[in-house]
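**Student:** Predicted model and sequence follow; I will ask about them next.
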Amino acid sequence: MLDRLSSSQEDLESEELREDAATAGCVRIGDCRDRQIVTVTGTLRTVTLRPRAGVPALEAELFDGSAALDVVWLGRRSIVGIEPGRRLIASGRISMSRGRRVLFNPKYELRPLGRE
């Protein structure tokens with residue numbers, strides 16, 4: 001109890017995300033290796049439109065409490081429900097780009113918000 005009171009909000013959220021990943025049967029992002037096929041879950045921290053080679057690309061940062069990865073949907077300018085603060089489960093093959101984990105065009109499932 002004392003640990004919870006002295007922990008920062010970010011630490012508490014990270015712990016909750018790690019527990020959520022464990023119960024959903026997902027791999028922790030921090031444990032993912034290059035070219036590994038994975039299913040991960042977490043919260044979207046940022047969502048931006050960032051063209052790649054002249055093609056629109058919706059890019060989001062997914063954080064699970066252990067690490068973050070970039071999720072990129074090529075050819076998309078927006079996707080309904082993909083917004084900061086939203087939880088999701090994503091599946092696909094991890095690749096490394098500029099030292100960061102990236103998941104291109106993943107299969108995904110949006111997790112319910114609050115009272116949904």
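**Tutor:** Okay, I see it.
**Student:** Hmm, V27 is touching T41, no?
**Tutor:** No - contact between V27 and T41 fails when scored by C-beta atoms under 8 Å: they sit 9.2 Å apart. (Glycine included, C-beta is placed from N, CA and C.)
**Student:** Show me which of these two is the more surrounded one.
**Tutor:** Between V27 and T41, T41 has the larger neighbour count (other C-beta atoms under 10 Å), namely 25 against 18.
**Student:** Assign that one to helix, strand or coil.
**Tutor:** Three-state call for T41 (DSSP: H, G, I helix; E, B strand; the rest coil): strand.
**Student:** Quick one: residues contacting L88.
**Tutor:** By C-beta atoms under 8 Å, 6 or more residues apart in numbering, the contact set of L88 is T41, G42, L44, L62, I82, Y108, E109, L110, R111.
**Student:** An error on my part: the question was meant for L49.
**Tutor:** Residues near L49 by C-beta under 8 Å, 6+ apart: P56, A57, L58, E59, R77, S78.
**Student:** who's in contact with the second one?
**Tutor:** Translated: A57. For A57, the contacting residues are L49, R50, P51, V72, W73, L74, G75, R76, by C-beta under 8 Å, 6+ apart.
**Student:** Below-threshold pLDDT in this structure: ranges please.
**Tutor:** 1-24, 114-116 (pLDDT under 70).
**Student:** what residue lies at the spatial centre of it?
**Tutor:** Geometric centre of the chain, nearest residue: L62, 2.1 Å, by C-alpha atoms, centre = their mean.
**Student:** thought that one was touching T39?
**Tutor:** No - counting by C-beta under 8 Å, L62 does not reach T39; the two are 11.9 Å apart.
**Student:** sorry, back to before: return the member of the contacts of A57 nearest to F104.
**Tutor:** Nearest to F104, judged by C-beta to C-beta, of the contacts of A57 is V72 at 5.1 Å.
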